[in-house]
Each structure stands twice: as structure tokens, then as C-alpha cells.
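*Asks:* I'd like to go over a predicted model; first the sequence, then the structure.
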Amino acid sequence: MQDTSEPLLVLTPGLGAVATTFIAGVEAVRRGISSPIGSLTQLQTIRLGPRSAERNPLIKDFLPLADLDQLVMEAWDPIPENALQAARRARVLDSSDLDPVAEFLAEIRPLPAVFDQNYVRRLEGTNVKKLERKREQAEALREDIRNLKAKHRTSRAVMIWCGSTEIHLEPSTCHQDLDAFEEGLDRNDPAISPSQLYAYAAIQEGVPYANGAPNLSADFPALEDLARQKTVPIAGKDFKTGQTLLKTVLAPAFKARMLGIDGWFSTNILGNRDGAVLDDPDSFRSKEVSKSGVLDTILQPELYPDLFANLYHKVRINYYPPRGDEKEGWDNIDIFGWLGYKMQIKVDFLCRDSILAAPLVLDLALLLDLAQRCGESGIQEWLSFFFKSPQVYPSHVAEHDLFIQHFRLKNTLRRLGGAEVVTHLAEDPPGS
Ligand SMILES: NC(=O)c1ccc[n+]([C@@H]2O[C@H](COP(=O)([O-])OP(=O)(O)OC[C@H]3O[C@@H](n4cnc5c(N)ncnc54)[C@H](O)[C@@H]3O)[C@@H](O)[C@H]2O)c1
């Protein structure tokens, strides 16, 4: 493994609600005025060996993860507000939490973004690079990355897309291999969105990349191949936070007990800027595809047609400004049991979107950096745990069940740390 003493530069395209909640939270934890609740890397233990051995170190003590004191943050955003202004506007954290870290946040000013309103229609920004050609934009992002590494005297960086959800794009010919993608850059192919340019720039600069939004970004062969060539880990996509987190807990339970499902209606009201962006049907389409995919792979209706083949799954997202970041995710689940008798389950999750997403940014930053230092490259399927729409190799099936994802994540961490994987088979009987 490489040198672990350098700072870890965490780059976020997007300095909105999620990114500022992450940055403010890390600083509050560093100052000892808050605790990193929701972060697996900071709080969770990992069992090593049989249960009876009682070896359960914290993950961060078992693995050489970057320490929070080593993190430095930089961002791009088409809106020129610094992190303090952006955090105040996002209204996620109270003044009592922002005031103690205000000076620190005010120093984080976004670099001019590569931004194009054709891909995020409900947003206008002035802090934008004045470059017309996609090739030039990608090169400018690469230069930014090099300059930021030099500024912070480090070779170690990760990039997590915390930008708005772009419109839904299907992979096209320019996404099939690197030559086609680079030709696409040269002729300004409209199939290449800004988030793809950030992903390309990151991978070219040897920087691991994760996509926290549901849009197409690094999840196509051209960038997946480039990531392998450059020994860069990548992961995606769309942070698994509120409603989908619960869906991927409940659905495996119904399946495990062989209870059938007739319908699952999920609706959301949210009033933050993310909600405003998702009010555009093309951005909503990206989210809808990401949120809708989870049930089929968990329930396997092809194996259990009597239980799940007629499942009607509907997902709605409604922009409702009075709620701000305090989303309400409401689920009605129509299930049936013994002899077909019907039952209903209602879940009403009054959550806070960015409070759930911020620790995932931290965990992904630390784990992608670890993966790179362990020589991992390309798609990191073991990070599926963090995503609504896990990025996997084309011949693989995405795993959505939270507990299987968690099991795989922990075993991968054991492997990266040189410990035996845990199978949960019965331990040896006493005296054997
Ligand atoms: N909060 C959650 O629980 C959650 C869960 C899953 C996914 N997400 C996704 O995370 C992303 C961020 O969410 P948020 O609540 O912080 O949204 P937000 O609107 O508060 O922040 C997004 C920021 O990205 C900026 N941006 C847009 N295009 C950009 C570009 N090309 N380059 C750089 N910056 C750009 C916007 O100006 C904005 O400041 C969204 O895509 C959202 O869908 C959030």
C-alpha cells in the first residue's frame, strides 16, 4: 500500500445540500463537537475470527483508512456561493451547528463548473467555465484536479458527484469504448453530459470516482475500461438513503417469508433544490429508473410468479417547497399471505435527505481511497451497499438486498485487511 500520511483531497462537483452537510459535519466531528452518526467507517465494528474470540475492532482501527484530520475538501458549482452560504440556503443544519464551523466553511469556494443547462434544466448558474468544446472542458477539469493536488501538496484524491440529477440519457455509441468517447468529446456529442466530463477527468487523473446521483456518469464501457487501465476504482450510483433504503430492507423480508406482494406505491414530497431539479420530467426520469429497479432483482418474480409476477410498483416524487430538505417518503404496500389473504403495510418515513446522505459521502471517500491504495481498479461492486442503483459489470446481476450488500462489504473489508472472510456457518463444536 502507498504512503498514508498525505492529505486526502475530497472533490465534489456540486456544493449543495449534501456536500455542505458532509463538509460541515466532518469539521464538527474533527472539533469534537459532534459525532459521525450514520457513518459505517467511523462507528461500525468488524468481527475477526469466530464469535467466541470476541475480536471486534472498529473498522477504522482495523484498516488504514484516512483519518478525518487528513481530509481537505474542494468543489465545483455553477452557483458561486461559498460552502457557508450554500449550507445556510440549503437549511439542512441549524445555525447552532453551522456557527462554530462558519469560518471554515466560508473558506471553501466552488471552482467554476462545467455546466450546461440542457442537462439540468431547472438550474441557472453564473460560476461556469466559459469554454464551448467538451474536449476543452474535460481538459480544464483535469487541470483543476492537478492544481488542487498541488495546492494541498498531495497525490491522493477522490471525487464524489454531489451535483444535481441530470436528465436521463441512455448509453449511446460514443459510450462504447474510449476512442469513441474521445471522438465524442472532439465533436461535442450531446450524449456526453457534464457529469461524464468530471468522471472522465477524474479517472484520467488517477482519481477514484463515485456517482451519488442517478444519471449516467461513469457507468458505461468507455469509462469502465479507462478505470481499469488507470487502476482507478469507480462506484455508483445514486446514494441509497431514505425510501429505497427501507425498500431494500422490507422486500427481502417478504421474500424470505414467502409472502406475496400485489402492489407497492411509493410517493415522496420534498422541497429542496434537488426536488426542484427533479420536478423536470427528464431529470425525474433518471431518478424513477434508479428507484424502480430494486424490487425486481430482490423478489425474482421469474422464480416466484405466484408471489410477485403481478406486483404493481409505482414511484412518485413531488416537489413541495414548504418541506425543504425534510422529505416525507410514504409507502403503501399491499401484501398477501396464507390462502391469499390480503394485508397492508404503511411506512411513513419523515426523513432528512442530506442528513442520511452526508455520511455516505464520507464512507465512500474513505473506502474508495483505501481500495485504490490496495490496488483495486474498475467497478467496486462491494460498494453496492451505498447505492440505489449499484454499478456492476455487464455480465453480473446487481444486488439490492441491503443485508447481502452489507455482508459482502464487510467480507471485502476483511480481505483488504488480510483477515479471513466470515461465512456465518456454525462454529466448531467445543473440544473439536
Ligand atoms: N440527499 C439524498 O438523500 C440523496 C440521495 C440520493 C441521491 N442524491 C443526489 O445527490 C445530488 C445532490 O443532492 P443535493 O440535495 O445536495 O442537491 P442540491 O441541489 O442542493 O445540490 C446540487 C448542487 O449541484 C450543483 N450542480 C449542478 N450541476 C453541476 C455541475 N455540472 N457541476 C458542478 N455542480 C453542479 C448545483 O448548482 C447544486 O448546488 C442530487 O443529484 C441528488 O439527487 C441525494
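*Replies:* Received the coordinates, thanks.
*Asks:* just the closest residue of this structure to the ligand, please.
*Replies:* Closest to the ligand within the chain is Gly16: 1.8 Å, counting by Cβ to the nearest ligand atom. Quick note: C-beta positions are derived from backbone N, CA and C, even for glycine.
*Asks:* how many residues are close by that residue?
*Replies:* Counted by other Cβ atoms under 10 Å, the residues lying close to Gly16 total 27.
*Asks:* how close does it get to Asn318?
*Replies:* Applying Cβ to Cβ, to the nearest Å, the value for Gly16 to Asn318 is 20 Å.
*Asks:* re the thing from before, quick one: contacts for the residue of the chain closest to the ligand?
*Replies:* Counting by Cβ atoms under 8 Å, 6 or more residues apart in numbering, Gly16 makes contact with Asp77, Ala86, Ala90, Cys162, Gly163, Ser164, Arg273, Asp274.
*Asks:* need the buried ones from these selected in ChimeraX.
*Replies:* Selection of buried members from these for ChimeraX, criterion 16 or more other Cβ atoms under 10 Å:
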select :77,86,90,162,163,164,273,274
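*Asks:* CSV for the contacts of Gly16, including pLDDT?
*Replies:* Below are the contacts of Gly16 laid out as CSV (pLDDT from 0 to 100):
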residue, pLDDT
Asp77, 98
Ala86, 97
Ala90, 93
Cys162, 98
Gly163, 97
Ser164, 94
Arg273, 78
Asp274, 77
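*Asks:* of the contacts of Gly16, which belong to helices?
*Replies:* Here DSSP state H is the test, and those give Ala86, Ala90, Arg273, Asp274 as lying in helices.
*Asks:* hmm, back to that, ok, and of the contacts of Gly16, which contact the ligand?
*Replies:* Asp77, Ala90, Cys162, Gly163, Ser164, Arg273, Asp274 (Cβ under 6 Å from any ligand atom).
*Asks:* the nearest residue to Gln42 once chain neighbours are set aside - how many residues pack around it?
*Replies:* The shortest distance from Gln42 to any non-neighbouring residue, by Cβ to Cβ, 6 or more residues apart in numbering, is to Pro36 (4.0 Å). Other residues lying near Pro36 total 20 when counted by other Cβ under 10 Å.
*Asks:* dump the residue contacts of Pro36.
*Replies:* By Cβ under 8 Å, 6+ apart, the residues touching Pro36 are Gly25, Val26, Val29, Gln42, Leu43, Leu68, Pro359, Leu362.
*Asks:* quick check: the gap between the residue nearest to Ala276 when sequence neighbours are not counted and Val128.
*Replies:* Nearest-residue entry for Ala276: Arg122, 5.3 Å, with adjacent residues in sequence omitted and distances by Cβ to Cβ, 6+ apart. Taking Cβ to Cβ as the measure, Arg122 falls 16 Å from Val128.
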